[in-house]
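Enquirer: heads up, no residue letters with this:
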Ligand SMILES: CCCC/C=C\CC(=O)SCCNC(=O)CCNC(=O)[C@H](O)C(C)(C)COP(=O)(O)OP(=O)(O)OC[C@H]1O[C@@H](n2cnc3c(N)ncnc32)[C@H](O)[C@@H]1OP(=O)(O)O
């Protein structure tokens, strides 16, 4: 092969290699999009965004999911959507809370980042100017329950479980969660629930006011969620949002000002050998159930 011919062949080869790279890059991009940990869908007619945890089957939170969730919350705020419905793509679980595999023998820096990302999401959700509703399409445990509690209204499917079970795992409930729980249910019920680490059925949760409505199925939950958000259609956003923040000021201030202390305390509870044992026991028990 002479040198001109060789150059031509190399150019063609390079072009094909580039094409191949491009195709595989596009494939990776689209599969990454399908596998996004958070899915956001906006209804152009109503201006409501539906944000869904997309990590079936348990919708449990990893660091990456929380970081993506935080970005989605920023987007809902910055794009001025009229309200947000929070749900998940899992058939029977809204969220099983933090991924216990993240808590088992963790690398301290990642554990800190996980808790920091979780608090960031809670602050953004708890203080959002736009109205929020949780369409709880199944179980909501631990951090999953608290995220639903940070919304303004909760609609849940029948035959599901909801609760802050942290004390059962050896994790003390942070002070901020005490105030947030008291903002929803009576102080008496809150103390019993949080000290016991109670997990409630849908009917029990409705009875104590932890949820506001029961829906027949997910479609019904989404329809009821839209109805709730529509209540605020004619209320000026700024006046509504500032009023909401006044009601939530104590919790927002505690979350914001105690962030570092909260992270340190959480790391210490999680690293405690008794807590480590309880995480392992939960995972083993679930395996042995089958
Ligand atoms: C201010 C307060 C903030 C608090 C912040 C965070 C604290 C936390 O979130 S701590 C974590 C709390 N979560 C849990 O304790 C686990 C909750 N899970 C459950 O109660 C049940 O799994 C649930 C009711 C959601 C579903 O019950 P089932 O349908 O009966 O499923 P299984 O229990 O058999 O589980 C199936 C499968 O999923 C794994 N699983 C469940 N939850 C988690 C989790 N949070 N992290 C990691 N893995 C989880 C379970 O181990 C089973 O796995 P396999 O055995 O491999 O199938």
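Expert: In hand now; what should we look at? Just so we're clear, the structure is a prediction, and the values are computed from it rather than from any experiment.
Enquirer: please enumerate the helices of the stretch 1-150 of the chain.
Expert: With DSSP state H, counting those that start in this stretch as the criterion, the stretch 1-150 of the chain has helices at 3-34, 63-78, 100-103, 108-126, 143-150.
Enquirer: what's the pLDDT at residue 34?
Expert: Here, the pLDDT recorded for residue 34 equals 51.
Enquirer: residue 114 and the ligand, how far apart?
Expert: Between residue 114 and the ligand the computed distance is 9 Å (C-beta to the nearest ligand atom, to the nearest Å). (C-beta placed from N, C-alpha, C; glycine too.)
Enquirer: ok, back up a step: comparing the helices of the stretch 1-150 of the chain by mean pLDDT, which bottoms out?
Expert: Taking the mean pLDDT of the helices of the stretch 1-150 of the chain, helix 3-34 comes last: a mean of 33.
Enquirer: so residue 270 touches residue 112, yeah?
Expert: No - using C-beta atoms under 8 Å, residue 270 is not in contact with residue 112, being 10.2 Å away.
Enquirer: more crowded one of those two?
Expert: A direct count of neighbours by other C-beta atoms under 10 Å for residue 270 and residue 112 places residue 270 higher, at 22 against 17.
Enquirer: mind checking what secondary structure the more buried one has?
Expert: helix (DSSP: H, G, I helix; E, B strand; the rest coil).
Enquirer: check contacts around the nearest residue to it once chain neighbours are set aside.
Expert: What sits nearest to residue 270 in space, not counting adjacent residues and going by C-beta to C-beta, 6 or more residues apart in numbering, is residue 103, at 5.1 Å. Counting by C-beta atoms under 8 Å, 6 or more residues apart in numbering, residue 103 makes contact with 111, 270, 275, 279.
Enquirer: could you dump those to CSV with distance to residue 229?
Expert: Output for these, formatted as CSV (distance: C-beta to C-beta, whole Å):
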residue, distance to residue 229
111, 35
270, 36
275, 38
279, 37
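Enquirer: ok, which stretches of the stretch 151-290 of the chain are strands?
Expert: Counting by DSSP state E, counting those that start in this stretch, the stretch 151-290 of the chain has strands at residues 154-156, 161-163, 200-201, 213-214.
Enquirer: near the ligand, which residues of the stretch 101-250 of the chain?
Expert: Residues of the stretch 101-250 of the chain lying near the ligand by C-beta under 6 Å from any ligand atom: 101, 139, 141-143, 146, 161, 164-166, 169, 174, 177.
Enquirer: what about 5 Å?
Expert: Contacts of the stretch 101-250 of the chain with the ligand, taken as C-beta under 5 Å from any ligand atom, map to 139, 141-143, 146, 177.
Enquirer: let's have these in TSV, adding neighbour count.
Expert: Output for those, formatted as TSV (neighbours: other C-beta atoms under 10 Å):
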residue	neighbour count
139	25
141	23
142	23
143	23
146	25
177	22
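Enquirer: looking at those residues, spot the one nearest residue 35.
Expert: Nearest to residue 35 out of these is residue 143 (C-beta to C-beta; 21.5 Å).
Enquirer: in this structure that closest one contacts residue 102, no?
Expert: No - at 10.6 Å, residue 143 does not count as touching residue 102 under the criterion of C-beta under 8 Å.
Enquirer: anything in contact with each of these two?
Expert: Taking C-beta under 8 Å, 6+ apart as the contact rule, residue 143 and residue 102 both touch residue 61.
Enquirer: tell me the contacts of residue 229?
Expert: By C-beta under 8 Å, 6+ apart, the contact list for residue 229 reads 46, 48, 82-85, 131, 133.
Enquirer: repeat the analysis, applying 7 Å as the threshold.
Expert: Listed by C-beta atoms under 7 Å, 6 or more residues apart in numbering, the contact set of residue 229 reads 48, 82-83, 131, 133.
Enquirer: which stretches of the protein aren't confidently modelled?
Expert: 1-34 (pLDDT under 70).
Enquirer: please redo it, this time with the cut-off set to 90
Expert: Scanning the chain for pLDDT under 90 picks out the ranges 1-35, 289-290.
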